[in-house]
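Trainee: Attaching a predicted model along with its sequence, questions to come.
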Amino acid sequence: MKTVAAWLLGSAALAFAPHAVSAEFATPDGPEPANVAEIAAFLKQDRYDLELLISFGTSKGGSAGHLALAIRDAAPNGDDLVYSANFYADRSPEHAKDYYTDELMVAIPKMEYLYGTRSTLNPKAAFGLDFGEVYKRSVVGVRVYGVPAKEKDGLVAFFKRMNADFKRKAKDVEYHDREVKYDYMHLNCAKTIASGFKYGAGYHDIEIKGPKLLPGHTIVVAALHANIPADMALKLVKAWDKRGYRVETVLYRKYEGSPYVDPHEEAKVAFKDLPNRFPSVLSLDFRNDQGDYEDFDNLYAMYLFYNLGRYGVKLNGETKLIEVGMTNVPMTYVIAEKLARQSAEDDSKGFLRRLPYSPKGKPVGSEEKNAPPSQ
């Protein structure tokens, strides 16, 4: 695969954002990268319509990550608008005390969602989830071209309807068979986004699971039958190709230096020390401890998203500026899928031999090998 050797570096001065702050960089209320607006404008030169945002997992083993959807130019400030299921909107008193729980589907400007250190949503918004995702984990963006306005309007209308259903505590709506509130197994981020496409945009071919926790089944067993972010992302990419929409990926890399420790978490671990693992698909590796994936399913997903890659975006720890690297000329979905499948089949068999082996595929998250910018 030919690599395009080019980096776009922010031309802003090597300084933090102009407002005075006292908090550390990469923490709530801390300074933000000074060139956020410049990078956003550069990325939006490409006329994509939607961007599916797949967040990496931050725990060992079967870490499912998170799934959200950005709709182009829909935010009041002109940014793309991210719709994301609110993990804390489960009606538990503990979550209501410490987190924003007024909506099931929160709407957040994309650059705030990725790089923000203060939230326009609510003072109780969660850092690393509702804003500032890259300070906690990497995010793969799947950009989609050619989506009709009717589908985008249908998605927005459905997410608004879902919030209305949440507020009135609706039950047995067409997209859910119990009370509308966040549920890790039954109404999670993957199901809410998939439901938007199925019931809002008319994607009746999208399969949405309805997991049931039967007596004697563990939570992990039930999770194997739930809607999983990476698995749902693969279904949506296939559905977009079927409709003739072009797709490509952008990798927003985790900033590895955040000292922030979430005070609500029992384990006091700084964001910089949390695992940053591609979200597991339903596979033999779903329950494995932290480490490299060696099964076909996860290798296939990682290889596919790498093959579709256009940009790698990272936050430079020294300059505190965002840099954009052009990693590839993206393959078409048909070619990317075929190559990912062949490489995953060969590599999963090669890893099983437990002998020195050089994999054929490249996973999303591989370091870019781009030359520094010309002066």
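Mentor: Cool, got the structure. Every value quoted in this text rests on a predicted model; they were computed, and no experiment measured them. Residues are numbered from 1 along each chain as shown.
Trainee: where in the protein is pLDDT low?
Mentor: 1-21, 61-62, 211-225, 283-291, 367-375 (pLDDT under 70).
Trainee: Quick check: which element contains the residue most central in space within it?
Mentor: The centre of the chain sits closest to I54, judged by Cα atoms, centre = their mean, with a distance of 2.1 Å. I54 belongs to strand 50-55 when assigned by DSSP states H and E.
Trainee: secondary structure class for the residue lying closest to G361 once chain neighbours are set aside?
Mentor: If the residues on either side of it in the chain are set aside, G361 comes closest to S343, at 3.2 Å by Cβ to Cβ, 6 or more residues apart in numbering. Just so you know, the C-beta spots here come from the backbone N, C-alpha and C atoms, and that holds for glycine as well. When classified by DSSP: H, G, I helix; E, B strand; the rest coil, S343 comes out as helix.
Trainee: that older thread, in contact with the residue nearest to the centre of the chain, which residues?
Mentor: I54 makes contacts with G65, H66, L67, V139, V140, G141, V142, P229, A230, A233, P279, F305, as judged by Cβ atoms under 8 Å, 6 or more residues apart in numbering.
Trainee: Helix, strand, or coil at F305?
Mentor: Look at F305: counting by three-state DSSP, its state is helix.
Trainee: what's the answer for F166, then?
Mentor: F166 is classified as helix under three-state DSSP.
Trainee: Quick one: neighbours of the residue nearest to it when sequence neighbours are not counted, just the number.
Mentor: Distances taken as Cβ to Cβ, 6+ apart put L104 closest to F166, at 3.9 Å, once the chain neighbours are dropped. As a burial measure, L104 scores 22 neighbours (other Cβ atoms under 10 Å).
Trainee: F159 too?
Mentor: So F159, with other Cβ under 10 Å, has 26 neighbours.
Trainee: What of Y99?
Mentor: 20.
Trainee: Next: the one 3 residues further on.
Mentor: Burial measure for D102: 14 neighbouring residues, criterion other Cβ under 10 Å.
Trainee: ok, it - contacts?
Mentor: D102 neighbours (Cβ under 8 Å, 6+ apart): A89, N122.
Trainee: now the residue nearest to the centre of the chain: how far from Y203?
Mentor: 18 Å (Cβ to Cβ, to the nearest Å).
Trainee: before we move on, what about L121?
Mentor: On the measure of Cβ to Cβ, L121 and Y203 end up 28 Å apart.
Trainee: ok, now which ones touch E294?
Mentor: D285, D347, S348, F351, L352.
Trainee: Can you show me the helices along this protein?
Mentor: 36-43, 93-98, 110-115, 149-167, 189-195, 219-223, 229-242, 296-307, 333-352 (DSSP state H).
Trainee: What residues sit buried inside the fourth one?
Mentor: Residues E151, K152, G154, L155, V156, F158, F159, R161, M162, N163, D165, F166 are the ones in helix 149-167 that count as buried (16 or more other Cβ atoms under 10 Å).
Trainee: count of neighbours near A23?
Mentor: For A23, using other Cβ under 10 Å, the count is 13.
Trainee: surely F278 meets T58?
Mentor: No. Using Cβ atoms under 8 Å, F278 is not in contact with T58; the gap is 11.7 Å.
Trainee: Neighbours of D79, how many?
Mentor: D79 has 21 nearby residues by other Cβ under 10 Å.
Trainee: Quick check: it touching I108?
Mentor: No. Assessed by Cβ under 8 Å, D79 is found out of contact with I108, at 9.2 Å.
Trainee: Please report the distance of G244 from A41.
Mentor: 28 Å.
Trainee: brain fart, G141
Mentor: Distance from G141 to A41, by Cβ to Cβ: 16 Å.
Trainee: These two: who's more crowded?
Mentor: G141 (25 against 11).
Trainee: Can you give me every residue that contacts the more buried one?
Mentor: Contacts of G141 (Cβ under 8 Å, 6+ apart): E51, L52, L53, I54, A70, T249, V250, L251, Y252.
Trainee: Among these, give me the pair with the biggest separation.
Mentor: A70 and L251 (14.9 Å; Cβ to Cβ).
Trainee: how many neighbours does N122 have?
Mentor: If you count neighbours by other Cβ under 10 Å, N122 ends up with 14.
Trainee: what residues are up against it?
Mentor: By Cβ under 8 Å, 6+ apart, the contact list for N122 reads Y100, D102.
Trainee: can we see that at 10 Å?
Mentor: Y99, Y100, T101, D102, E103, V106, D130 (Cβ atoms under 10 Å, 6 or more residues apart in numbering).
Trainee: Could you do G146 as well?
Mentor: R47, Y48, D49, L50, W240, R243, G244, Y245, R246, V247.
Trainee: in terms of contact, does K160 touch A74 like I think?
Mentor: No. Counting by Cβ atoms under 10 Å, K160 does not reach A74; the two are 11.8 Å apart.
Trainee: any shared contact partners between these two?
Mentor: Y83, A107.
Trainee: coming back round to it: look at F278 and T58 and report which has more neighbours.
Mentor: Taking neighbours as other Cβ under 10 Å, F278 and T58 compare with F278 leading, 23 against 19.
Trainee: how close does that one get to L251?
Mentor: 11 Å.
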